[in-house]
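Asker: one predicted model, sequence on top.
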Amino acid sequence: MNKDPDNVKIGKFGEDAAAKYLKKNKYRIIARNVHAGRSEIDIIASWKDTLVFAEVKTRTYEDSHLSFGRPADAVNKSKITYLIRGADRFCIENGDKYADHYKRFDIIEVYLEKEGRRLKVKDIRHFENAFGRN
């Protein structure tokens, strides 16, 4: 399946904005775009004694007011399952390095505006502990 180049650009821009947002809020970025099995984790960060696995969902401001809905709504049960499995695999592969950290799953919504051909961050919404294990 080929991805639309504009959507790839928007997604990358949103992930970059989310990483900057986390850094500004005193998170330490550990890794980005981590492939663990069939999972891809957008951002892995640490904050105090917490290891944060963040899923970033980006929409242009125009798209969010049409039929696409809120970005976080795209994180469905299947996606959550893959993220949890990917996080488990990351922790196993990194041995005891993060064993004493609490694990948390966040969703970061990034809303962008288009100014001609340029993109600009309009809003970022961070949902801490957005989901967990059942």
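Answerer: Structure's in. What do you need?
Asker: only C-alpha atoms for contact and neighbour calcs from this point on.
Answerer: Noted.
Asker: give me the packing partners of the longest helix seen in the chain, helices and strands only.
Answerer: Taking DSSP state H as the criterion, the chain has its longest helix at helix 5-24. Here helix 5-24 is seen to pack against strand 28-36, strand 39-47, strand 50-60, strand 102-115, strand 118-131 when contacts are counted using 3 or more C-alpha pairs under 8 Å, 6 or more residues apart in numbering; DSSP states H and E.
Asker: could you point out the helix or strand that follows the helix-or-strand element of the chain with minimal mean pLDDT?
Answerer: Within the chain, no helix or strand scores below helix 61-64, which has a mean of 59 by mean pLDDT, DSSP states H and E. Sequence-wise, the next helix or strand beyond helix 61-64 is helix 77-93, with elements assigned using DSSP states H and E.
Asker: what's the angle from that following helix to strand 39-47?
Answerer: An angle of 60 degrees separates the directions of helix 77-93 and strand 39-47 when computed by axes from the mean of the first three to the mean of the last three C-alpha atoms, to 10 degrees.
Asker: show me what contacts Lys103?
Answerer: Residues touching Lys103, when contacts are defined by C-alpha atoms under 8 Å, 6 or more residues apart in numbering, comprise Thr50, Leu51, Val52, Phe53.
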